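> Model the structure of this input:
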Amino acid sequence: MESQITWEKILYLSNGKDANGLPLSAATLAIDELKSEQEVISLKNIVLSNAAIQVSMSGGCAVVTADFPKGNRTEFFAAKTVMDEWMSGLMDSEKDNQMLTLTIVPLLLDGAFYFIMHYLVFTDSYEAEDKLRLIMGWDNNATIPVIDEAADINSMIREADEELNRQINELKESIALAEEEKKKNQYNPYEESVKKRLANPDYSKNKQELEDEMLKSGFRVSKEDDDH
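Okay, here's the model as predicted:
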């Protein structure tokens with residue numbers, strides 16, 4: 001069977017949030033040190049909790065944004081500190097055997113596929129009104145896809161694609177129903193009738209007839225006191 005794995009499909013299943021507002025991917029920022037060919041030590045491991053990941057690849061560059069909820073300030077600043085310290089210490093010889101990586105796991109694929117990014121090129125961050133954003137630029141030529149050979153990855157991608165589209169369609173239907181209900185609640189046939197009459201008044205009707213119509217539509221009509 002011809003492989004259905006393409007970066008376009010992988011990123012579609014990885015980027016942003018699902019219809020319930022949950023991130024489609026889990027991501028981990030890590031620093032490891034190679035002690036020998038057989039020994040690797042984990043120095044730092046930062047889970048980007050609840051961050052919505054967005055990956056954009058173009059040629060040799062991959063730009064990743066991680067949007068954290070305002071409540072996840074601890075994870076945001078932990079990741080920011082790791083990246084800032086890494087970039088400021090690039091010329092430090094003590095880090096020659098260390099490697100910073102970002103691992104992204106599309107949750108809809110249940111761990112059967114994930115990808116690892118190496119060689120951070122630039123980083124930035126800022127705080128917006130509704131989120132905390134990390135921006136990372138990676139050498140895309142060093143991106144490593146990891147596939148579980150025992151899994152039927154083609155079927156998993158197809159099923160994940162169908163599930164995501166189902167969620168999106170359900171959300172669209174819910175929005176359409178809500179908008180239709182809103183229109184029904186806002187529509188007042190009597191009010192519309194009066195508006196039309198006010199725009200094109202029928203001067204053949206007397207004052208009492210016009211007041212009666214407005215009362216039927218829900219308008220409050222103040223009548224002049226007979227004593228005045």
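> The longest helix seen in the chain packs against which elements?
With DSSP state H setting the assignment, residue counts place helix 153-186 as the longest helix in the chain. With contacts taken as 3 or more Cβ pairs under 8 Å, 6 or more residues apart in numbering; DSSP states H and E, helix 153-186 sits against helix 7-14, strand 113-118. In this view, the C-beta of every residue, glycine as well, is placed from N, C-alpha and C.
> starting at the chain centroid, how far to the first one?
Shown here is helix 7-14, whose average C-alpha point lies 14 Å from the average C-alpha point of the whole chain (Cα atoms, centre = their mean, to the nearest Å).
> Check the shortest one too.
Its chain's C-alpha centre and that of strand 113-118 lie 20 Å apart, by Cα atoms, centre = their mean.
> as a whole number, average confidence for that strand?
For strand 113-118, mean pLDDT rounds to 93.
> so what secondary structure elements neighbour it?
Applying 3+ Cβ pairs under 8 Å, 6+ apart, one finds that strand 113-118 makes contact with strand 98-106, strand 132-139, strand 144-147, helix 153-186.
> try 10 Å this time
Counting contacts by 3 or more Cβ pairs under 10 Å, 6 or more residues apart in numbering; DSSP states H and E, strand 113-118 is packed against helix 7-14, strand 25-34, strand 61-68, strand 98-106, strand 132-139, strand 144-147, helix 153-186.
> and the following helix or strand past it, how far from the chain's centre?
Next in sequence after strand 113-118, counting helices and strands by DSSP states H and E, comes strand 120-127. Here strand 120-127 is found 19 Å from its chain centre; the criterion is Cα atoms, centre = their mean.
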